[in-house]
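Asker: Below are the sequence and a predicted model; questions follow.
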Amino acid sequence: MNIEEIAKKMVAKGKGILAADESTGTMEKRLKSVNVTCTEKNRLQFRETLFSSASMKNCISGVILFDETLRQTASNGLSIPELIKKSGSIPGIKVDKGAKNLSGSDKEKITEGLDGLRERMEEYYKLGARFAKWRAVYSISSKNPSEQCIKSNAHALARYAALVQEAKMVPIVEPEVLMDGDHTIDKCYDVTSRVLAECYKELAIHNVNLKGTVLKPNMILPGTNCKQKSSAEEIAKKTLECLKKNMPSEVPGVAFLSGGQSEIEATKNLNEINKINDTSFNFTFSYGRALQQSALKTWAKSMSEITKVQKVFDHRAKMNGASTEAKWNEKLEQSFAA
């Protein structure tokens, strides 16, 4: 498959992307929260349980991996990328080195990891990865994000995307406007518009083939501490409006990040967006916690009961799969008996 075909497959209706690219530090926090020691063996065991679940075939189009996981071997002797491919999904890799302090700005972040990326992409391709992910983060305050932060991160995202396509892989472009703060939904809309416009300006300058990319944005949401709460209908309307205004028509689709939403909120909001989708874009998910959290809690209590853990994960994958086609509802959600 060429990159345009891979990108289309990644955002296919009924399916979405499993973000399992947590760094060792992030996994340590997640496992600690369920009283499990963060060892390489435990990290692999949990992820392998998900990657060999039944829903991988019908509900998961791709899996984003961390460098460690891409190099690991499953208990059946297959490499993790081979296990994912056997499940009918596409292996991908997180390639950024994290968000660091942006010099000259007020507590803002710039994502690093461009040094040596060309050589790393060649290796990742050989290891079986066919797409990559790079995340930029933007916080909202009375002063931020600054023009410096928006421009610097857009430039880095574009350089990354060009290098990934050079390696015959699909770049996921992830500019995340964070939910933290007391900002309104309208402020989120305005900031996300500025961020997306700058990203696509830089992607054009760097001659990135947009048909061979996937956008992973935040939904348009009020800040976590905002007193004015928004309905799923309002979130969907503003999210769709923002993307129609700022996303070029060549992009095959969007895989939303969950960004601190609960499992149910992430599913419901995606469903509402697809209910009113009047564009040619496919809207799907690229969720981490919103796909894994319930499964992780179940696994922590009964690590040996693989089928039980997979059943919990399969339910969330199916619910999100249904929401990509606007087929999710509360009754369907409650039909699950763990």
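Answerer: Noted; the coordinates are in hand.

Asker: And the residue nearest the centre of this structure?
Answerer: By Cα atoms, centre = their mean, the chain has its centre lying nearest to residue 286, at 3.5 Å.

Asker: That one: what secondary structure?
Answerer: At residue 286 the chain is in strand, as set by DSSP: H, G, I helix; E, B strand; the rest coil.

Asker: do you know how far it is from residue 217?
Answerer: Residue 286 sits 10 Å away from residue 217, going by Cβ to Cβ, to the nearest Å. Using the backbone N, CA and C atoms, a C-beta is placed for each residue, glycine as well.

Asker: which neighbours do the two share?
Answerer: 256, 257 (Cβ atoms under 8 Å, 6 or more residues apart in numbering).

Asker: mind listing what the residue sitting furthest away from the middle of the chain touches?
Answerer: Taking Cα atoms, centre = their mean, the residue of the chain most remote from its mean C-alpha position is residue 104, at 29.0 Å. Counting by Cβ under 8 Å, 6+ apart, residue 104 touches residue 148.

Asker: Now it: which helix or strand?
Answerer: Following DSSP states H and E, one finds residue 104 outside all helices and strands.

Asker: could you pull out the strands for the stretch 101-250 of the chain?
Answerer: Along the stretch 101-250 of the chain, the segments classed as strands by DSSP state E, counting those that start in this stretch run 109-111, 131-138, 170-177, 214-215.

Asker: From the contact counts, what lies against the shortest one?
Answerer: Pointing back at strand 214-215 there. Counting contacts by 3 or more Cβ pairs under 8 Å, 6 or more residues apart in numbering; DSSP states H and E, strand 214-215 packs against strand 170-177, strand 253-256.

Asker: can we see that at 10 Å?
Answerer: When contacts are defined as 3 or more Cβ pairs under 10 Å, 6 or more residues apart in numbering; DSSP states H and E, strand 214-215 packs onto helix 3-10, strand 170-177, helix 185-205, strand 253-256, strand 282-287.

Asker: how close does residue 318 sit to residue 166?
Answerer: Taken as Cβ to Cβ, the span from residue 318 to residue 166 is 37 Å.
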